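Trainee: Mind looking at a prediction? Sequence and model below.
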Amino acid sequence: MVFTLKINGAPHEVDVDGDTPLLWVLRDVLGMTGTKFGCGQALCGACTVHLDGQAVRSCQTPVDSVGDSAVTTIEAIGQTPQGAALQKAWLELEVVQCGYCQSGQIMSAAALLKDTPKPTDSDIDAAMSGNVCRCGTYHRIRAAIKHAAGV
Amino acid sequence: MMDGPIPREQITDKAAVSRRAVLQGAGLLLGFALTDASTEPIFAAPASRVVENEVAATFAPNGFIRINPTGAVTLVMPMVEMGQGVYTSLSMLLAEELEVKLDQIQVQHAPPNHALYANSIIGIQNTGGSASVRAFWTPLRQAGAVGRNLLIAAAAKRWNVDPVTCRAKDGVVFDATGSKHLSYGELVNAAAKLPVPSSANVKLKDPKDFTLIGTRAKRVDSAIKVDGRALYGIDARLPGMKLAAVAISPVLGGKAKTVDEKAALAVKGVRQVVNIDEAVAVIADHTGAAKKGLEAAAITWDDGPNGKVNSADIVKQLEEESTKPGAVARNEGDAGKALAEAAQRVAAIYQVPFLAHATMEPMNCTVHLQKDRCDIWVGTQAPTITQSVVAELTGLPKDAIKIHNHLIGGGFGRRLEADGTVLAVKIARHVDGPVKVIWSREEDIQHDMYRPYYLDRLSAGLDAAGNPVAWTHRIAGSSVMARYYPPYVKDGLDPDAVEAAAEPPYALPNIHVDFVRVEPPGVRTSWWRGVGPTHNVFVVESFIDELAYAAKQDPVAYRKGLLGHNPRALAVLSLAAEKAEWGSPLPARHGRGISVQFAYGSYTSQVAEVEVAADGSVKVKRIVCAIDCGMYVNPDTIEAQVQGGTLFGLTAARHGSITFKDGRVEQGNFDTYLPMRIDEVPLVETHVIRNAEAPGGVGEAPTAIVSAAVTNAIFAATGKRVRKLPIDSDSLKSSS
Ligand code: FES
Ligand code: FES
């Protein structure tokens, strides 16, 4: 089936089964490899994208459920104020190690700051505990979110 | 139903073009722009500093430096970046002597080339063992100095002056007055024609003159990792590429019995089913279709000889074999006699489980096998091994095997093994054109090569004052070294399996340490971050803690008494204890524990502070780490490695365990092989000792040391000794 997806402001037509996870449409069909595969079961957050500003796990989002929603990925999150502030904080505080989880971390953090501009530690725990980092950059992720939020 | 294929080639071509455009993007625009329309900061992405393909350049005086007439400086990285910061630290070593600023350079993944890029400590071009900075500390500074000397010589020749009157800074050569200057780009044509001096003859800077080494320089790979541009092996894309999902026999040595190919092929986008007995792959236009096809294939398996493998039997075998003497790692004095005559005897058995690596980037490999060449796109810690293995498998000559290395989404030792590449090549033999094989997370965890299960027997004798007069330690488990680097195993002694056990940092007058090799059936074992010491430091530091309590002494004071001959170990121990306020009062069921280690050329000590609730649940509140890694390159990287490495070890101590039932791994995804998450993270403090000792490794030290600090703290809080990992909270319930 042909679906027209609105991704990072531009329409994209894809012809796949409706139950195809959005993750593979982004990565394999459209070549947008910034969104990562980590578990396929909504357990790690590596594949996080935004649907109308809400963080979702694209590995568990069938393409036929996206409809008209605006999809935002890591490639364009820097064009939002939260995304830009977070990316800047990430660089200033040298958060990344291998970096593989960081697309998802930044996408989850951007959704958090959009709803909760001044998050507390427990807000951060709640919003970010779905994102796994095997390199253990959690100290710096927390510090960078606070830095970006100015708290 | 089968609709027409999507125009994949067009899409991939476009992606490839834009990727090249990014890589060749003009200049190094660092920093952030403010739009004039609003005060919202919009992220202005700095150009990528990591180049994917080999750079040809006018000036290439050695394997590491490439400068072309535009002035672009490329440093070829002999070791791979998997998060440990090595692209930054190795660049700093080169840039310091080459006299270029770190933000003037870009880095390139080295191709496999033993002669140019082997790690002198490991003996091959492998990234591991916390050995990168240690091995390349001198060679890369020499390489940089050779480059600088040649560029200065070229300028001096042009100006007709003595080279010693000239100096270089930030990629420019100046004459004695500073009025004449030429950039490196302007000099490369002339410099390339000069004879290259021997690297042993160039003069290196006195460490006190370093301007870059020792600073908190910014990572060279950060910018592309915050906006999705970083390319890992899993991101490889080629014109006409197909995607494969794979199911590997759940039991090692088993074979596919039935495969419903028709059902798999009926899935839209599926192109082909490849059955290679040990595994079945479904090849499709995208991974979504490949996975759906794999499920539809409803594969059944013949388990083969390992269908009865169970964890309980593996442990039983270790229990039995460890009663027999092993290969002797150390024998000093007469431990048996001293034990018999001791005033007090202590004995214990320790066990650590099989561990998976669970790197965030699941196993993957892209292969294009053609008649006369084989291209491999992968992130590997072992490029030369991978090249050799593929040459053997395909029958092609080594130089026909092109390894396109990538950034690695977490290595931890997993990418020292070529098994993922071998499997992908076996699949690619049946596929026309390039194919990318991606393992599911379940395949990744269930077909890992695990940190071995070890069982250790220890005994010690104390004199009347509580000092140890006898120490025996027998380690039983798999030998990774015997499979991976057999020449390093002499008379059955695996030096990795006994590292940090054969030479504990303490004064132990009568000591006997031996190793019994026991290979578990149906289980593949391999290197895991921290290797031998990760297991041995847990055991040795727990047991020395047992001795301190048996001697009714404070664990820090007891260790100090045994470290008089070892000033660097004593210094990290004292610093960690002091910073953690060792001895200050704590509430009930709270405790502090300490551990100390010498491994990877570095001295490390940690104090953990824990709280154990009445229901046995453990909260690790704070870890204080003191580290002496000699002369260091980047203190920010050390701090990052202490934070991340500590959490990696702590995750394993708390949650990590791979178990087998009927030949199958019982864990599968992050719901059964638990990672640490942000809400579980303790404070981690890093204190680095500065001195002029030879550089030591950092990436694995905090991983190896943390478990004992935590379990010793649990003992202090509860009086219960944890002798088996992972920590079982049920055993820590308050009995009152
Ligand atoms: S890949 Fe989607 S949550 Fe892990
Ligand atoms: S930075 Fe490596 S997994 Fe998070």
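Mentor: Yep, that arrived. Numbering: from 1, shown residues only, chains lettered A, B, ... in the order given. Ligands and ions are numbered 1, 2, ... in the order given.

Trainee: contacts, neighbours, all on C-alpha from now
Mentor: Will do.

Trainee: Backbone dihedrals for residue 48, both of them.
Mentor: In the absence of a named chain, chain A is used. phi -60, psi 130 (degrees, to the nearest 10).

Trainee: One more: the one 10 residues further on?
Mentor: Main-chain dihedrals, residue A:58, degrees, to the nearest 10: phi -70, psi -20.

Trainee: Surely it and residue A:51 touch.
Mentor: No - under the criterion of Cα atoms under 8 Å, residue A:58 makes no contact with residue A:51, lying 9.4 Å away.

Trainee: These two - which one has more neighbours?
Mentor: Neighbours were counted for residue A:58 and for residue A:51 using other Cα atoms under 10 Å in any protein chain shown; residue A:58 has more, 27 against 21.

Trainee: Distance of that one relative to ligand 1?
Mentor: 6 Å (Cα to the nearest ligand atom, to the nearest Å).

Trainee: I'd like to know how far that residue sits from residue A:38.
Mentor: 11 Å (Cα to Cα, to the nearest Å).

Trainee: list the residues that contact both of these two?
Mentor: Listed as contacting both residue A:58 and residue A:38 by Cα atoms under 8 Å, 6 or more residues apart in numbering or on different chains are residue A:47.

Trainee: how about the biggest helix by length in chain A, does it reach chain B?
Mentor: Longest helix in chain A, counting residues (DSSP state H): helix A:102-115. Yes - Helix A:102-115 comes into contact with chain B (Cα under 8 Å from any Cα of the partner chain), by way of A:102, A:103, A:106.

Trainee: ok, the last one touching residue A:88?
Mentor: Read it as residue A:106. No - Residue A:106 is beyond contact range of residue A:88, at 10.9 Å (criterion: Cα under 8 Å).

Trainee: Of those two, give the one with the bigger neighbour count.
Mentor: residue A:106 (29 against 25).

Trainee: ok, the residues of helix A:102-115 next to chain B vs residue B:120, which is closest?
Mentor: residue A:102 (32.8 Å; Cα to Cα).

Trainee: I'd assumed residue A:91 was in contact with that closest one.
Mentor: No - taking contacts as Cα under 8 Å, residue A:102 lies outside contact range of residue A:91: 11.6 Å.

Trainee: Give the intersection of the neighbour lists for these two.
Mentor: What both residue A:102 and residue A:91 touch, as defined by Cα under 8 Å, 6+ apart, is the set residue B:226.

Trainee: and residue B:130, how many neighbours?
Mentor: Neighbours around residue B:130, by other Cα under 10 Å: 23.

Trainee: Tell me where the model's unsure across the chain.
Mentor: Since no chain was named, I'll use chain A. Regions of chain A meeting the criterion pLDDT under 70 are absent.

Trainee: nope, chain B please
Mentor: Looking at chain B by pLDDT under 70, you get B:1-42, B:736.

Trainee: Just the element for residue B:402, please.
Mentor: strand B:401-405 (DSSP states H and E).

Trainee: Identify the residues contacting that strand?
Mentor: B:52-53, B:109-112, B:233, B:373-380, B:383, B:386-387, B:390-391.

Trainee: Over to stretch B:177-195?
Mentor: Contacts for stretch B:177-195 (Cα under 8 Å, 6+ apart): B:58-61, B:67-72, B:150-151, B:153-155, B:171-175.

Trainee: Any of the residues you listed buried? List them.
Mentor: Buried by 16 or more other Cα atoms under 10 Å in any protein chain shown: B:58-61, B:67-69, B:71-72, B:150-151, B:153-155, B:171-175, out of the contacts of stretch B:177-195.
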